[in-house]
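*Asks:* Okay, structure incoming, though there's no sequence with it:
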RNA sequence: GGCCCGUUGGUGAAGUGGUUUAACACAUAGCCCUCUCAAGGCUACAUUCAUGGGUCCGAAUCCCAUACGGGUCACCA
């Protein structure tokens, strides 16, 4: 009885070899410098901002080098599967214009290195495991959960390093005859990798972000195939898939750093070259006095849906993440305002190796700048698209009269330094509602210094009778004339010199005009608002204050 | 607990032994501009790079120790 017999017993239906698969998936014919990256989420119904940041890095590296960015669905844990999770990931990637070059979605396979869904790759994994068994680098383990728990307790009580290694790896000592007999007997088993490592020995590992690391060798016999005798664990699938799919750069969270010794040993066992690794820092969150990993349960901003729902332009989210990815991005972008972030050359060595707090204030700032630079058409398109998904009220406002809506968006837009007051599309309604008669039903007027009803009436009446104009050149001069006539200072400097000579100043007069028209004390350029509203509607709103 | 990673201001950070009296951006505060607001302009904001030692003519930058924070030790990825 040999290892081959054992392998044959476990996988009788597997006839292919590793070489067969290497022929099926030949090395990619791309330039030497081209990178192949992958986004490999597990479909748990949620897109985490940290994962998304990694996807951006994957995407940028691939685009930087004329390489390939592909999506792989890591669904080896059936228990955590959530319906619709794959759709959510695809939608998210599409929303951000990050459609992968290769992927598998709804029976559609794009790319020659699939299947891109791990649960459809069983035969491949089995072939590779069969090979490992036949060369004596993997074996069946019959330990029950109880036995393993007992082992762990024992290890803890004796303060020895926990895990299935060395003398604790009971099943690696079983003879082949014994193994075969127990399998024939129907005993449940998993397949474990047989480690040759020595924990006390170190090896050099280069992480593209952190640089040279001295890590302990792995000596744990990890499970590579679960007891369903079908699906592999992450560690094994990672090695097989990234080899076969030709991944050159693996971008993943820092939490994986402690498993690289396992992965490296497995790559070695097959004689495969391991990819480059970029272990990204965690995104953190300040919680009181301490910082912690941003959490799906506690922090809504951990989910990408948070940004979609509030209506941040996708580029704002991307750019804010780019500043974390490479902090020199912002300066580069200022120097190259017309270039896409995909032209920015990502450098893992410039990435911070400590966790970063994601700053929502910064996001707002970036977003305001981006929105201020959009044309009214672009803002209209984008905000309308958003409203259709997230805001019925904004949607109906827009649909009532798209041209009117655009004219409002255009206030203080087409100028050298455009207005920056919208950070996200959910802000819009609260900024423009008073421009709509059917929404305009104010209960509170934010009057300034002038509150006397008679005075307000007088200002409004006089304005409409004698000084009204929609000509932007003339507009403010007329307001000044109005101020003069009613005893308010039209010149601020004069007013500051002798405030007692006047009832107030031209700002007070303008405030009355503004509040009586919008109920708001803070609005964009009043002349532009008046132009959009038109004389009739202005008169209608003003006349309600007449005495 | 073992192993690994990290620690520059409120935040992201630049910085790799000598024009660093520590860039830049956000936030905050003040002033200016101004019909309000949003902007914009100007100014302020770390005598100091977690702490303590050391190496050196010279250290945020190199070395050691300590402290603190994080990750990981699953048939989860």
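*Replies:* It's in. Values in this document were obtained by computation on a predicted structure and should not be read as measured data. Residues are numbered from 1 along each chain as shown, chains lettered A, B, ... in the order given.
*Asks:* Strands along the stretch 51-200 of chain A, start to end?
*Replies:* A:68-71, A:103-105, A:108-110, A:138-141, A:190-193 (DSSP state E, counting those that start in this stretch).
*Asks:* Show the pLDDT at residue A:158.
*Replies:* The model reports residue A:158 with a pLDDT of 87.
*Asks:* Can you check which of the strands of the stretch 51-200 of chain A gets nearest to residue A:201?
*Replies:* The closest of the strands of the stretch 51-200 of chain A to residue A:201 is strand A:190-193. By C-beta to C-beta, the value is 17.7 Å. C-betas here are computed from N, CA, C, even on glycine.
*Asks:* Next secondary structure element downstream of the closest one?
*Replies:* Next helix or strand after strand A:190-193 toward the C-terminus (DSSP states H and E): strand A:202-207.
*Asks:* Helix or strand next in line after that following strand, which one?
*Replies:* Counting by DSSP H and E, what follows strand A:202-207 is strand A:211-216.
*Asks:* Strand A:202-207 and that following strand, what's the angle between them?
*Replies:* On the basis of axes from the mean of the first three to the mean of the last three C-alpha atoms, to 10 degrees, strand A:211-216 is oriented at 150 degrees to strand A:202-207.
*Asks:* Kindly report the residues of the stretch 151-300 of chain A close to RNA strand B.
*Replies:* A:152, A:159, A:161-163, A:188, A:190, A:210-211, A:213-216, A:223, A:226-228, A:231, A:233-234, A:254-259, A:281-282, A:284, A:286, A:290-293 (C-beta under 7 Å from any atom of the strand).
*Asks:* pLDDT weak spots in the stretch 51-200 of chain A?
*Replies:* For the stretch 51-200 of chain A, no stretch is flagged by pLDDT under 70.
*Asks:* Now do the helices in it.
*Replies:* Assigned by DSSP state H, counting those that start in this stretch, the helices in the stretch 51-200 of chain A fall at A:85-95, A:122-134, A:145-157, A:176-184.
*Asks:* Show me what the shortest one is packed up against.
*Replies:* In this structure, helix A:176-184 makes packing contacts with helix A:3-10, strand A:138-141, judged by 3 or more C-beta pairs under 8 Å, 6 or more residues apart in numbering; DSSP states H and E.
*Asks:* Buried residues, that helix. List them.
*Replies:* Buried residues in helix A:176-184, defined by neighbour count with 16 or more other C-beta atoms under 10 Å: A:176, A:179, A:180, A:182, A:183.
*Asks:* what's the answer for the second one, then?
*Replies:* By neighbour count on 16+ other C-beta under 10 Å, the buried set for helix A:122-134 is A:122, A:124, A:125, A:126, A:127, A:128, A:129, A:130, A:131, A:132, A:133, A:134.
*Asks:* cool, stretch A:400-415 as well?
*Replies:* A:405, A:406, A:408, A:409, A:410, A:411, A:413.
*Asks:* Tell me which of the strands of the stretch 51-200 of chain A lies nearest to residue A:17.
*Replies:* strand A:138-141 (15.5 Å).
*Asks:* May I have the strands that pair with that closest one, each with its orientation?
*Replies:* strand A:190-193 (antiparallel) (DSSP bridges).
*Asks:* quick one: contacts of the strand it pairs with?
*Replies:* Contact partners of strand A:190-193, identified using C-beta atoms under 8 Å, 6 or more residues apart in numbering, comprise A:10, A:129, A:132-133, A:137-141, A:164, A:169, A:171-172, A:221-227, A:236, A:262, A:265-266, A:269.
*Asks:* Work out the gap between that strand and the centre of the chain.
*Replies:* Offset of strand A:190-193 from its chain centre (C-alpha atoms, centre = their mean, to the nearest Å): 36 Å.
*Asks:* thinking again about what came up before, could I get the strands of the stretch 51-200 of chain A as CSV with mean neighbour count?
*Replies:* Converted to CSV, these look like this (neighbours: other C-beta atoms under 10 Å):
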stretch, mean neighbour count
strand A:68-71, 24
strand A:103-105, 20
strand A:108-110, 13
strand A:138-141, 24
strand A:190-193, 24
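*Asks:* Let me have the ones you listed in JSON lines, adding distance to residue A:14 as columns.
*Replies:* As requested, those are exported to JSON lines (distance: least, C-beta to C-beta, whole Å):
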{"stretch": "strand A:68-71", "distance to residue A:14": "26"}
{"stretch": "strand A:103-105", "distance to residue A:14": "23"}
{"stretch": "strand A:108-110", "distance to residue A:14": "22"}
{"stretch": "strand A:138-141", "distance to residue A:14": "13"}
{"stretch": "strand A:190-193", "distance to residue A:14": "13"}
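*Asks:* circling back to that earlier point, quick one: which of the helices and strands packed on helix A:176-184 is nearest RNA strand B?
*Replies:* Of all those, it is strand A:138-141 that lies closest to RNA strand B, at 7.9 Å by C-beta to the nearest atom of the strand.
*Asks:* quick one, strands of the stretch 401-547 of chain A?
*Replies:* A:488-489, A:504-505.
*Asks:* Quick one: list the elements packing against the first one.
*Replies:* Contact analysis of strand A:488-489 by 3+ C-beta pairs under 8 Å, 6+ apart lists strand A:504-505, helix A:506-518 as its packing neighbours.
*Asks:* Can you flag the weakest of these by average pLDDT?
*Replies:* Least confidently modelled of the helices and strands packed on strand A:488-489 is strand A:504-505, at a mean of 88 by mean pLDDT.
*Asks:* Can you list the neighbours in contact with that strand?
*Replies:* By C-beta under 8 Å, 6+ apart, strand A:504-505 touches A:449, A:450, A:483, A:488, A:489, A:490, A:492, A:495.
*Asks:* Tell me who's in contact with the fourth one.
*Replies:* Going back to what we said before, that points to residue A:488. A:502, A:503, A:504, A:505, A:506, A:508, A:509.
*Asks:* Let me know the pLDDT of the nearest residue to residue A:518 once chain neighbours are set aside.
*Replies:* Sequence neighbours aside, residue A:434 is the residue nearest to residue A:518 in space, at 4.4 Å (criterion: C-beta to C-beta, 6 or more residues apart in numbering). At residue A:434, the pLDDT value in this model is 95.
*Asks:* Also residue A:45?
*Replies:* 84.
*Asks:* Determine the three-state secondary structure at it.
*Replies:* coil (DSSP: H, G, I helix; E, B strand; the rest coil).
*Asks:* distance of residue A:29 from residue A:36?
*Replies:* 12 Å (C-beta to C-beta, to the nearest Å).
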